[in-house]
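1. how would this look folded up:
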Amino acid sequence: MPQPTVGERIARARQSWNRSQRDLEIETGISQATLSRIESGQRPVKLNEVLSLSWALGYTVAELTGLSPVRDRMECAARADAGASMAAMQEELTHFLELDAFLDEHGVPQTA
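-> Numbering: from 1, shown residues only. Next comes the predicted model:
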């Protein structure tokens, strides 16, 4: 199965929060037309844009770009239950591992 593009990842993240491209335009200053071109793959996303989108969507830059040392090292051994797909479970697990790695990298201490 091919990996999703950056634009597809951004669209998926936006849709997971039921946000429109117009919502993100207001929050990030990136025009709706530009967001549409980024999501469709017609235009590459710039670093400042991916940073703004990651903050607005609550995802790490690594999650949106797919450039993730955590994902590369992760092995998933789980059993899908209650209608959950393995891909969805792996995506959720990756999100938490990415966040944990980000916090460690920036010296944010763990709490009990």
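2. off-centre distance for the host helix or strand of residue 96?
-> Here residue 96 sits within helix 86-105, counting by DSSP states H and E. Mean-position distance between helix 86-105 and its chain equals 10 Å (Cα atoms, centre = their mean, to the nearest Å).
3. by contact count, what packs against that helix?
-> Applying 3 or more Cβ pairs under 8 Å, 6 or more residues apart in numbering; DSSP states H and E, one finds that helix 86-105 contacts helix 61-65, helix 69-73. (Glycine included, C-beta is placed from N, CA and C.)
4. may I see the buried residues of it?
-> 94-95, 97-99, 101 (16 or more other Cβ atoms under 10 Å).
5. looking only at pLDDT, what's the mean for the helix or strand containing residue 52?
-> Residue 52 belongs to helix 47-57 when assigned by DSSP H and E. Rounded to a whole number, the mean pLDDT of helix 47-57 is 92.
6. low-confidence stretches in the protein?
-> Scanning the chain for pLDDT under 70 picks out 1, 68-84, 86, 110-112.
7. which other helices and strands contact the helix holding residue 52?
-> The contact analysis (3+ Cβ pairs under 8 Å, 6+ apart) places helix 47-57 against helix 6-16, helix 21-28, helix 61-65.
8. quick one: contacts of it?
-> When contacts are defined by Cβ atoms under 8 Å, 6 or more residues apart in numbering, helix 47-57 is touched by residues 6, 10, 13-14, 17, 19, 24, 27-30, 34, 38, 45, 59-61, 63-65.
9. also stretch 18-28?
-> 14, 30-32, 35-36, 39, 49, 52-53, 56-57.
10. between those, which is nearest residue 90?
-> residue 57 (18.8 Å; Cβ to Cβ).
11. circling back: and the angle for the helix holding residue 96 with helix 6-16?
-> Angle between the axes of helix 86-105 and helix 6-16 is 100 degrees (criterion: axes from the mean of the first three to the mean of the last three Cα atoms, to 10 degrees).
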